[in-house]
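Visitor: prediction below, plus the sequence it came from.
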Amino acid sequence: MTLQHEFLLLRRDRAVAAAVLFLAAASTLAVVNGSRWRDGQQAAQSRALDAQNAEYAARRATVAEYELHPPPSLDPVLNNLHDPASPYVVGQAGYVVHLPLPPATALAIGQFDLLPLQELVSIRTRQRTVADKDGLENPLQLAAGRFDLAFLVVYLLPLLILSLTYNLVALEREEGTLGLLRCQAGSLWRLMTARALLRTLLLSTICSLAALAGAGTADMGGIVCFVAVIISYALFWAGLALWVNSRNGGSTSNAAILVLSWLLAVAVVPASAQLAVNSLRPVPSRLELLDVVRNQSIDARRDAKKLVADWYAANPHLVPANHAGPLYDTATGGAVTHIEQDRRTLPVEAKFEAAVATRQDLVNRLRFLSPAIIASEGLLDSAGTSLERFRHYREQVKLFREQWTAQFHPLIFRKQILHPSDYDRMPAFRYGQYPTARSVTAAASGAAALVAASLALVLIAARRLR
Amino acid sequence: MIYTIARKEWLERLRDGQFRVVSVAMALMLLLAFAMSLSQWKAAHIEQRRAQDRDREQWLNQGSRNPHSAAHFGIYAFKPHLPLSFIDPGLDPYTGSVIWVEAHYQNPARFRPSEEGTALQRFGQLTPAMVLQWFLPLLILLLTFSAFTSEKEQGTLRLTLALGVPPRKLAAGKALGVAAAIGFVLMPAALLAALAAVFTAPEAMNTETLFRLLPMLFAYAVYLAVYVFLGLAVSAFSSSSRTSLALLLGFWTVATFVVPRVIADTAEAAHPSPLASDFWREIAVGMRGADGHSENDKRILELKRQTMQKYGVASAKDLPMNFEGLRLQAGEEHGNELFDEYYGKLWSAYKGQERLHHFASLVSPLLALRSISMSMAGTDLAHLGDFSRETELYRRSLNKAMNLNVANRSRMGEYYYFADRSLWESIPAYRYSSPGVGWALQHQVLPAAILLAWLLMSFAAFQFSIHRMRPA
């Protein structure tokens, strides 16, 4: 009976209709924006892979042609910088790897527009490979962030919920109908809770439907988590609105308190937490790393001949059979220099990476300070755009780089040339999926915390309204 | 009379517990943001200066080396963090402030701090600009939304007007009262921040900083005044505090959070910037054969033929210079043409997007203010563009000097020709200095005009609402 009546009220409320229309339009825009970004990235990844495949097919064909018609001898020093039979040339040309983007990426882009989702793995130094030629996105766009569904849910959904629930009790009091309501059968808190829940579920259903439309059903686990986070986050704000309503303040005072709470949750606390992270775990210095890398580069180049001699002494099995000339040349010198530079910079890089990782770990601990942080992280976990998934990908890229160099270095040191069969044996990058259980657990723990908080708020409100 | 009304408004605010709590919180937040940003700016400034000196040392002490190899080693160019960037870091976290100057490639700025960012990054960083651009307008709205509506609801407006108080004077008094309350929050924080800046980073204080600070402060004052007038106008126009608050909060939310993101996506759709992978792949294809290292490219063969003809010799070995140096330089020049074309397209896309951001200021005054604020802080697109252009000119001159040294000082086939420190010393150290405030202001004519238009429109709306205001 109560629910029936509330449905009737809901259908006749123009504010509810306006909120629903606004949210439906904004959700559509958010999903279209997110899908456009995801599709653009996927298309660029395909183009890069197609170009790479065509390039390697052409190189292989040239090498096969060499077997039939050997080319004139190569330049002994430059080692012909475009020769497809040179392992040094092809090893440096490298292999493009990318992080596959699941359909749900369109819902929550997170920091994926800032991170290198595609990179070139080669036998060059790690620093050269990792930080080479990227960063062409317009910084204006990066600074603004994307208008995706996650943004809509974290920032605007709470405001819409609050706009429909801030004066549930106050309005009745201001219009003089609260006394009448109290006289009716059934408790006031049940009525108010039902009213708040109906409005909240209506709005969160629109966002959930938009999520389904944007990501499809390919990854049902992720979508279920995404929807669970949306609903739990919405419930938190409904709980907060009920709690504020139960304080018996006026409509205006309720609105001001709720808006300030929203501002605290979506802006002040996250920005302050960011400040705390920057102070407690400062961003490690890239310039310090750069200084070390460049110093090592000078030293390694200066000692290149000695390094090559030492390398062969330590790896006698790589000495070319029946080789009469000098072991040092551009290719062996270059390869050994890269190996040595990587070896010497490893401790600094490890320190740097560990410092970056501890920053995110601290954020993970601080996320419970704000429901907006919990929701944002949960949405990113569900959509497959979390920093953890990116780190997981980077670890695989590191392993692939080792495979790549292991393929080319022996050929370079033995001064062999590439044959078509070497092209057939070249390693290819296969991305190992991020464990679903890990992202589900992360998202579910956040959602559970939000539901628990909203239950607590509703219980306090219920005690006051009884 | 205006003073009396302003005093009454001010006292009312001071006695309001909610206002006291919010004001103190806001002032503390502003102070904290100032303190942290200043200390981070100082650390970054010192570190960058040290890195710049170290880079020069490394260049000079790289030992004997082939000049082209030295060009590959290159140098790093550093974009200085202007002092006011501690108030508004603007695009700095998303651009990087270091460019690797190397042979063959014009590189974009590297080491974007955002790459080391955490998941909190997209919520924004607590900086003085954030407090002034986001939070202070909200405080103003909370101060103004019920300025007239509460008097209407309590019936005191009718009494006040019946006493013969002219509505315009009443409105002016209320505006002054709100301004005084905002000053109460801002002044102590600003004063303490200024003192902290003078004592902790005296190197930041110079005439140029002052010249940049004045337009910045003026823009913030205009922006906050827009919110004061809008708040009072809506309050005078609305019949209830509830309606007034809903309208003002709706505007603030849309202007602060929604419009900047929507316009960024729209601008990118209208003027798409190339994706890095496509950009570099197309350049690599364009450079193929004519990168300065290939002997058999037809353009290089033509250059060789022309050079031999010019000097009347039958073989490149008989030329009075090393043709390999000329070949490397020809490769650079070909690359330069490609970079001009591709970076030209990139920057034209950026500028197209920026133009749309400026026009979108008609919907959100925040966009106009942000543009001016970043520009005065030296952290906007225009400053980045200038740094990139200047650095590219330096790169081209450095590479040319290295290649011509190979051409003039070595013989054909002399692969192990090494130059020494005297060549490295002949290359002047790169010290970029940002353009002056006049240059920066030239790029802000449209946002400044729109911000002033906002001020006029909000003032007109304020006057109109006062004129039409009815007691209840």
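Guide: Cool, the structure landed.
Visitor: neighbours of the residue in the stretch 301-450 of chain A that chain B sits nearest to, just the number please.
Guide: Among residues of the stretch 301-450 of chain A, the one nearest chain B by C-beta to the nearest C-beta turns out to be A:Val363. It sits 4.3 Å away. (C-beta placed from N, C-alpha, C; glycine too.) Using other C-beta atoms under 10 Å in any protein chain shown as the criterion, A:Val363 is surrounded by 23 other residues.
Visitor: any idea which element it lies in?
Guide: With secondary structure defined by DSSP states H and E, A:Val363 is part of helix A:330-366.
Visitor: before we move on, what about A:Glu119?
Guide: Using DSSP H and E, A:Glu119 falls in strand A:118-121.
Visitor: what's the mean pLDDT across that strand?
Guide: Predicted confidence along strand A:118-121 averages 88 (mean pLDDT).
Visitor: dump that strand to CSV, restricted to CA.
Guide: Taking only C-alpha atoms (Å, rounded to 0.1, in the frame of the first residue of the first chain), the coordinates of strand A:118-121 have been written out as CSV:
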residue,chain,number,x,y,z
GLN,A,118,51.3,0.7,-26.1
GLU,A,119,55.0,0.6,-26.2
LEU,A,120,58.0,-0.6,-28.2
VAL,A,121,60.0,-3.4,-26.7
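Visitor: other residues contacting it?
Guide: Among residues not part of strand A:118-121, those counted as contacts by C-beta atoms under 8 Å, 6 or more residues apart in numbering or on different chains are A:44-45, A:48, A:94-99, A:129-130, A:132, A:134, A:397, A:400-401, A:404, A:429, B:276-277.
Visitor: just the residues you listed: which are in helices?
Guide: Secondary structure assignment by DSSP state H places A:Ala44, A:Gln45, A:Ala48, A:Thr129, A:Val130, A:Val397, A:Phe400, A:Arg401, A:Trp404, B:Ala276, B:Ser277 of the contacts of strand A:118-121 in helices.
Visitor: next one, pLDDT for B:Ala472 please.
Guide: On the pLDDT scale, B:Ala472 is placed at 63.
Visitor: cool, and A:Leu263?
Guide: As summarised for this prediction, A:Leu263 has a pLDDT of 90.
Visitor: tell me how far the residue nearest the centre of chain B lies from chain A.
Guide: Geometric centre of chain B, nearest residue: B:Asp380, 2.1 Å, by C-alpha atoms, centre = their mean. The spacing between B:Asp380 and chain A, counted by C-beta to the nearest C-beta, to the nearest Å, is 9 Å.
Visitor: next, that residue: phi, psi?
Guide: As for B:Asp380, its main-chain torsions (degrees, to the nearest 10) stand at phi -110, psi -180.
Visitor: look up the closest residue to it, ignoring the ones flanking it.
Guide: Once its chain neighbours are removed from consideration, B:Asp380 has its nearest residue in B:Met374; the separation is 3.9 Å (C-beta to C-beta, 6 or more residues apart in numbering or on different chains).
Visitor: quick check: which helices or strands does the helix or strand hosting the one you found pack against?
Guide: Here B:Met374 is covered by helix B:365-377, with elements defined by DSSP H and E. Contact here means 3 or more C-beta pairs under 8 Å, 6 or more residues apart in numbering or on different chains; DSSP states H and E; on that basis helix B:365-377 packs against helix B:128-130, helix B:207-237, helix B:259-270, helix B:323-360, helix B:437-442, helix B:445-468.
Visitor: report the rounded mean pLDDT for that helix.
Guide: When the per-residue pLDDT values of helix B:365-377 are averaged, the result is 97.
Visitor: need the helix or strand of chain A with the lowest average pLDDT.
Guide: Comparing every helix and strand of chain A by mean pLDDT, DSSP states H and E singles out helix A:126-130 as the least confident one, with a mean of 59.
Visitor: just give the closest residue to the residue of the stretch 251-400 of chain A found nearest chain B, not the sequence neighbours.
Guide: Proximity of the stretch 251-400 of chain A to chain B (C-beta to the nearest C-beta) peaks at A:Pro270, 3.4 Å away. Using C-beta to C-beta, 6+ apart and skipping residues adjacent in sequence, the residue nearest A:Pro270 is B:Phe123, 3.4 Å away.
Visitor: need the contact list for the one you found.
Guide: B:Phe123 is in contact with A:Val266, A:Ala267, A:Pro270, A:Ala271, A:Gln274, A:Ala372, A:Ile373, A:Ser376, counting by C-beta under 8 Å, 6+ apart.
Visitor: include distance to A:Asp83 when you put these into JSON lines, please.
Guide: As requested, the contacts of B:Phe123 are exported to JSON lines (distance: C-beta to C-beta, whole Å):
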{"residue": "A:Val266", "distance to A:Asp83": "57"}
{"residue": "A:Ala267", "distance to A:Asp83": "57"}
{"residue": "A:Pro270", "distance to A:Asp83": "53"}
{"residue": "A:Ala271", "distance to A:Asp83": "54"}
{"residue": "A:Gln274", "distance to A:Asp83": "50"}
{"residue": "A:Ala372", "distance to A:Asp83": "56"}
{"residue": "A:Ile373", "distance to A:Asp83": "53"}
{"residue": "A:Ser376", "distance to A:Asp83": "50"}
